[in-house]
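> Provided below are the primary sequence and the corresponding predicted coordinates.
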Amino acid sequence: MLQWIAAGSGARLIGIVHHTDAAREYAYDRQSRIGKLDKAWDEALQRGWTVVGMARDWKTVFAFERSNTGASQ
């Protein structure tokens, strides 16, 4: 699907969510048992697609994690 989107003309945002947060959700990579991010990862690096890491890039994964401070996240 990402290749199909990338093939179109005009501006495109192509991104992959890299599940790197086993404490809050799941973590998987090339060698994980629950899913593999190998071919898509290689292609993303080769083509310059955006890769977002959950542990690094998400302050909140699920809505119930929000603090009661009233600060937006």
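Structure received.
> just for this protein, where's the confidence low?
66-73 (pLDDT under 70).
> Can you tell me how far the residue nearest to residue 17 when sequence neighbours are not counted is from residue 10?
Nearest-residue entry for residue 17: residue 52, 5.4 Å, with adjacent residues in sequence omitted and distances by CB to CB, 6 or more residues apart in numbering. For every residue, glycine as well, the C-beta is placed using N, CA and C. Noted for residue 52: a distance of 22 Å to residue 10, by CB to CB, to the nearest Å.
> between the two, which one's more packed in?
Neighbour totals were compared for residue 52 and residue 10, and residue 52 leads with 12 against 4 (other CB atoms under 10 Å).
> Now do the SS call for the more buried one.
Reduced to three states with DSSP: H, G, I helix; E, B strand; the rest coil, the structure at residue 52 is strand.
> residues contacting it?
15, 16, 17, 18, 58 (CB atoms under 8 Å, 6 or more residues apart in numbering).
> which of the residues you listed has the most neighbours?
Using other CB under 10 Å as the neighbour test, the contacts of residue 52 are led by residue 18, with 20 neighbours.
> how far away is it from residue 37?
Taking CB to CB, one finds residue 18 at 6 Å from residue 37.
> go on, residue 23?
18 Å.
> again, but for residue 24
17 Å.
> For the residue nearest the centre of the chain, pull up the helix or strand it's in.
Most central in the chain under CA atoms, centre = their mean is residue 17, positioned 1.1 Å from the mean C-alpha point. Per DSSP states H and E: residue 17 is located in strand 15-18.
> for that strand, packing partners?
On a contact count with 3 or more CB pairs under 8 Å, 6 or more residues apart in numbering; DSSP states H and E, strand 15-18 meets helix 39-47, strand 50-53.
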